[in-house]
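In: here is my input, please return the structure:
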Amino acid sequence: MERKPPKRPRVAWKKSGAPRERKPPPEPYEVTEVQPLRADADWLPVYAVEKEAVDCIEAYVNMEEKDLVQKMQFLNCICLLCSSARRKCLTASLDIFSFLNNLPEHIEVLLCEEPREQLTTALRYHCMNAIAALSEAMAISESEILHLLNVCFSVIFNLPPKENLNICLYNHTLSAMDNMLWIVLHSHPTSSIDKQLQSIFEVLLPFTISKRKTVCERAMKQIRKLCGCTASSFRQQLRRHEHSSQALSFFASQSCLYSSGLPARKACAQPLGKNLHPSQRTDIVLATLEKITGDYSSDEKEWAEAILDVVRRDPGNWLMDVPEILGYIQTNLKIESTSVQQILFSVLDLLAIQFPKDVLRSVLTDLPQTDSTTLDMWSSVLPVLKTSEHILDELSNVLQDQRLCENCNVTTAELSLLRLTVMHPTEENMQQLCQPACLQRLLKIESLPLLWLVLTGLVLLSERPETAGVIRALLPEVMETLRFASTPITLKVLNIFRNVMRNLGKRQASPIALQLAEKILPLFNHVSSEVREGSIRLFKDMMEAVVWCKKRNMKKAVRRGLLPLLFQMSDETPSVAQASGEALVACAKFLKWKELKHQAREENTVGIRMCLLQQDRRRVEGYLWQSLPYLKDSQASLRCEAVTFLGLAVQHSREQSEEMLNEICNALQPLEDDAHPAVRSLAAGTIQMLRHERQQAASARSRLAALCCWPCIAI
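Out: Reported below is the predicted structural model:
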């Protein structure tokens, strides 16, 4: 039977009794300290070029104590190192150098070193320049950049109001921030600009909801700048590509700047501005319009126009605060600049198309109702809305607004009548509109937009012979609307009177002409050429409408119209000049003045002047005072005519008192500096002539005084 091996076998040396081998005791471990990687930068490609800058940076990071000069030198060396590396294409391994020396951390320390409530050194300015340089050289990661941007925003936005700071240093610091953001944004490949832009906006957004007003304002301003600069840059790049075969693909790849724009934390393709609060979007729109309409640099205007392009592409998100934007437009439409007004009206059109009901209601309830600019906006909006199928529904809803009716002190039924004024003038619509009692109450509304609708309806009714007689009783109220001195209102009033007089017989039209004549004369030199022409033609119609038995009552108004018509024959608008000549012929015919009629038909202004001055010297003084307002007319041709007439009138005047001559000289003196050379020359010559007349008058008075005193001296 086979023998089993022992469960616990004995060791051989035990069995043999051999001595066990002894090992020497283990030597103690040699503890070796692991040395960190040295930061010697001789391995850096740019080291050979900028050895001093590299050594300065390495020396700084190992210092315990640093003064302001060393801090500035450290930051400047970073800028110098990165600039040289980029210029000589030696940026390789700069990111490793930055990591080994903890450059982002050192810059952050310097940013936060100065107290938040102070800005006494240029340290932050140089910090942001260093961040820009590192970003441009790709020496720091995107996460490090965003972290440093957040620190920059925090320390700059939380500064006290700029009035309490060194303005020059503050402006330079803001300029450095703008430059830093621009470089950070554009130091990345073109395809990732939209992503980088979103990341920067995500850093900025928390500051826009700060409890401190200055922080919010500064953050919003930075967002506006960034939007504008980015959009402007995109437009320039697109123009550079527009003639290349890659234009279409370039536009497609870059359109995200307009479509995605501001950050979306969950969906990066949301429209620009979607993540901003509506009031913040409104702030951006208003600031953009202010840059475009105000006195700002060409660069600021360019980025503002770029932002406005973005707004135009997405008006539903940007133009939500209709009352606020309308208020801005209404205030700034008073700027006398055609280009500014075109931009503001284009925004108004966008608003009207996007939010028709809100625009109609806001114009009628939120804007000053007796301001002519409000009416300009109203008359601009309605034609835009007429292209919409729902305009009548929208207008009807607004006109039935209870608050609006209460403000106007009319019923909803009366106000709803005005919807007919924008409808096609069918027979049925005109019959519904022809409600004299209701229209009479509506004419008393203190709202130019609504009054404009009322007068629009009356114009339609006055064009029809069957309804012109019905509204004749409303003419006194129609005439009262001229008190608003509004050009659109005045034009409609003139049209109503001309239509009514044309559709009525002389017997019915004559009383109207007598009441209207004196009130029409001031409109001859109205700022609007349409009003000037319309009022002059109406004046001519009135003279022709007066029956013979009433002509005596009309003569005074006709005579007062002679001199204004003479002046308006020199109007720079040809149609006004022609209408004035025709009306002057009608005046001469009315007054049975053959010589004046002949000279007016010949359009001989010299002959007309002599007719007026020689026919009756008693009226010359009246002509003198009637001429003075025309010295301030906006048209140089009328100023010239007034100066010429004044000089002749003084010579033909029976009374040449020193007081009168002084007053005329004083009125003429501003024209010696007139922008138009012909006016300056005429004014200087006339003043010289008047001074000569004054000297002669004084000499004559002294001789007369001497003659009166001679008998007394003789005695």
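
In: in stretch 676-685, which residues are buried?
Out: Of the residues in stretch 676-685, those buried by neighbour count under the rule 16 or more other Cβ atoms under 10 Å are 679, 682-684. (Glycine included, C-beta is placed from N, CA and C.)

In: likewise stretch 362-379?
Out: For stretch 362-379, a neighbour-count test (16+ other Cβ under 10 Å) marks 362-364, 366-367, 369, 371-378 as buried.

In: please name the nearest non-neighbouring residue to N101.
Out: V61 (4.9 Å; Cβ to Cβ, 6 or more residues apart in numbering).

In: circling back: farthest-apart pair in the buried residues of stretch 362-379, please.
Out: S362 and S372 (17.6 Å; Cβ to Cβ).

In: helices along the stretch 1-150 of the chain, start to end?
Out: Counting by DSSP state H, counting those that start in this stretch, one finds helices in the stretch 1-150 of the chain at the ranges 12-16, 51-61, 68-87, 94-100, 103-113, 123-136, 142-157.

In: what do you get for the stretch 151-300 of the chain?
Out: With helices called from DSSP H, counting those that start in this stretch, the stretch 151-300 of the chain shows them at 167-186, 193-204, 213-241, 247-254, 256-259, 278-293, 298-313.

In: nearest to D358, of those helices?
Out: helix 278-293 (13.1 Å).

In: distance from the helix or strand where E659 lies to the middle of the chain?
Out: Remark: E659 resides in helix 658-668, with elements defined by DSSP states H and E. In terms of Cα atoms, centre = their mean, to the nearest Å, the centre of helix 658-668 is found 43 Å from the chain centre.

In: report the buried residues of that helix.
Out: Applying 16+ other Cβ under 10 Å to helix 658-668 flags 660-661, 664-665, 667-668 as buried.

In: which elements pack onto that helix?
Out: For helix 658-668, the packing partners by 3 or more Cβ pairs under 8 Å, 6 or more residues apart in numbering; DSSP states H and E come out as helix 636-652, helix 677-714.

In: what's the pLDDT at the residue nearest to N101?
Out: Per-residue pLDDT puts V61 at 91.

In: picking up where we left off before, mean pLDDT for the helices and strands packed on helix 658-668: which is lowest?
Out: helix 677-714 has the lowest average pLDDT among those, namely a mean of 70.

In: returning to what we had before: from the buried residues of stretch 676-685, which two are the most distant?
Out: Farthest pair in those, by Cβ to Cβ: V679 and A684, 9.6 Å.

In: list the buried ones in stretch 214-230?
Out: Here stretch 214-230 shows 215-220, 222-230 as buried, counting by 16+ other Cβ under 10 Å.

In: equivalent analysis for stretch 171-187, please.
Out: By neighbour count on 16+ other Cβ under 10 Å, the buried set for stretch 171-187 is 173-174, 176-177, 180-187.

In: pull out the CA atoms of stretch 347-367 and give them to me as PDB.
Out: Output in PDB follows, covering the C-alpha atoms of stretch 347-367 (Å, rounded to 0.1, in the frame of the first residue of the first chain):
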ATOM      1  CA  VAL A 347     -38.900 100.800 -36.200                       C
ATOM      2  CA  LEU A 348     -42.400 102.100 -35.800                       C
ATOM      3  CA  ASP A 349     -43.500 100.200 -38.900                       C
ATOM      4  CA  LEU A 350     -42.000  97.000 -37.500                       C
ATOM      5  CA  LEU A 351     -43.900  97.600 -34.200                       C
ATOM      6  CA  ALA A 352     -47.100  98.200 -36.100                       C
ATOM      7  CA  ILE A 353     -46.800  95.000 -38.100                       C
ATOM      8  CA  GLN A 354     -45.800  92.900 -35.200                       C
ATOM      9  CA  PHE A 355     -48.100  94.300 -32.500                       C
ATOM     10  CA  PRO A 356     -50.900  96.200 -34.400                       C
ATOM     11  CA  LYS A 357     -53.400  96.300 -31.600                       C
ATOM     12  CA  ASP A 358     -50.900  97.300 -28.900                       C
ATOM     13  CA  VAL A 359     -49.500 100.100 -31.200                       C
ATOM     14  CA  LEU A 360     -53.000 101.500 -31.900                       C
ATOM     15  CA  ARG A 361     -54.000 101.500 -28.300                       C
ATOM     16  CA  SER A 362     -50.700 102.900 -27.000                       C
ATOM     17  CA  VAL A 363     -50.600 105.800 -29.500                       C
ATOM     18  CA  LEU A 364     -54.200 106.700 -28.400                       C
ATOM     19  CA  THR A 365     -53.600 106.300 -24.600                       C
ATOM     20  CA  ASP A 366     -49.900 106.500 -23.700                       C
ATOM     21  CA  LEU A 367     -48.600 109.300 -25.900                       C
END
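
In: what comes up buried for that stretch?
Out: Per 16+ other Cβ under 10 Å, stretch 347-367 contains these buried residues: 347-352, 354-356, 358-364, 366-367.

In: what mean pLDDT would you report for it?
Out: 92.

In: centre of the chain versus that stretch, how much separation?
Out: 17 Å.

In: contacting residues around that stretch?
Out: 289, 308, 311-312, 315-316, 319-320, 322-323, 325-327, 329-330, 374, 377-378, 380-381, 384-385, 388, 390-391, 394-395, 397-398, 401, 403-404, 407, 447, 449-450 (Cβ atoms under 8 Å, 6 or more residues apart in numbering).

In: closest to I284 among the buried residues of stretch 171-187?
Out: Among the buried residues of stretch 171-187, and counting by Cβ to Cβ, the member closest to I284 is L181, at 16.3 Å.

In: any idea how far A132 is from the closest one?
Out: For L181, the distance to A132 (Cβ to Cβ, to the nearest Å) stands at 8 Å.

In: what's the answer for L350, then?
Out: In terms of Cβ to Cβ, L350 sits 37 Å off from A132.
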